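S.K.: Next input, structure requested:
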Amino acid sequence: MAAALAPALAALASSTGPQPGTTGAPAGGGFAAEPVCTACHTGFPLNSDGRDRLKLSGVPKRYVPGKHYVLTVALHHPDADRTRWGFQLTALAASTFKGAGQFVITDNASTELIHGVTAGRDYVSHSYYGTGVGEEGGREWSFEWVAPPAATGRIAFYGAGNASNADGSKEGDRIYSPSPAPLAVTAPSSKGKKSP
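M.R.: Sure thing, here's the model as predicted:
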């Protein structure tokens, strides 16, 4: 019976939110590279069909320390068999590869905050209800990021998304990420100037 339940439990673990550290962030600062969701979701290679990409909007070109920015992650796919969605995102200081800034969950039904165990990294991901079961076309998730002190320097956002076939297994899902490149990069604003 335990063997029969294992696939269902594995699928539930992902639908309730991925394990921390699956954003595809590269190695640096003495920390190992993070995998992307293809480490568990098999069947297609990363960015397999070129028909979608994970998008992050709301990141300022220059950040003001302490300011709250509304960020939105979007993943869309045209195929009718893509009917469940997920993502994970983190923000890292480009110089140290440690977590940078603070994430604030503003939509508790759709997103959740996961505290990592490495380098002070925190992660935002979909929640169980945030996977949009049965929804075709795609999904978007919004949350806030509070900018860190200017001394943190340049900050890179890394992430990965899952356009799932919602069959209850980890087979046949399509994973998208620019890894090892970041989704977006921001730098501290010049003294006395405000971020756009």
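S.K.: For stretch 72-87, give me every contacting residue.
M.R.: Stretch 72-87 is contacted by residues 14-15, 18, 37, 51-52, 54-58, 89, 124-126, 130-142, 159-166, 174, 176 when judged by C-beta atoms under 8 Å, 6 or more residues apart in numbering. C-beta coordinates here come from the backbone N, C-alpha and C atoms, glycine included.
S.K.: Give the buried residues for that stretch.
M.R.: For stretch 72-87, the buried set under the neighbour-count rule, 16 or more other C-beta atoms under 10 Å, comprises 73-77, 82-87.
S.K.: JSON lines for these, including pLDDT?
M.R.: Putting these into JSON lines (pLDDT from 0 to 100) gives the following:
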{"residue": "V73", "pLDDT": "98"}
{"residue": "A74", "pLDDT": "98"}
{"residue": "L75", "pLDDT": "96"}
{"residue": "H76", "pLDDT": "94"}
{"residue": "H77", "pLDDT": "94"}
{"residue": "R82", "pLDDT": "95"}
{"residue": "T83", "pLDDT": "95"}
{"residue": "R84", "pLDDT": "95"}
{"residue": "W85", "pLDDT": "96"}
{"residue": "G86", "pLDDT": "95"}
{"residue": "F87", "pLDDT": "97"}
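S.K.: Between these, which sits nearest A25?
M.R.: F87 (14.0 Å; C-beta to C-beta).
S.K.: For the nearest residue to F87 once chain neighbours are set aside, grab the count of nearby residues.
M.R.: Across the structure, with C-beta to C-beta, 6 or more residues apart in numbering as the measure, the residue nearest F87 apart from its sequence neighbours is G161 (4.3 Å). Burial of G161 is recorded as 31 neighbouring residues (other C-beta atoms under 10 Å).
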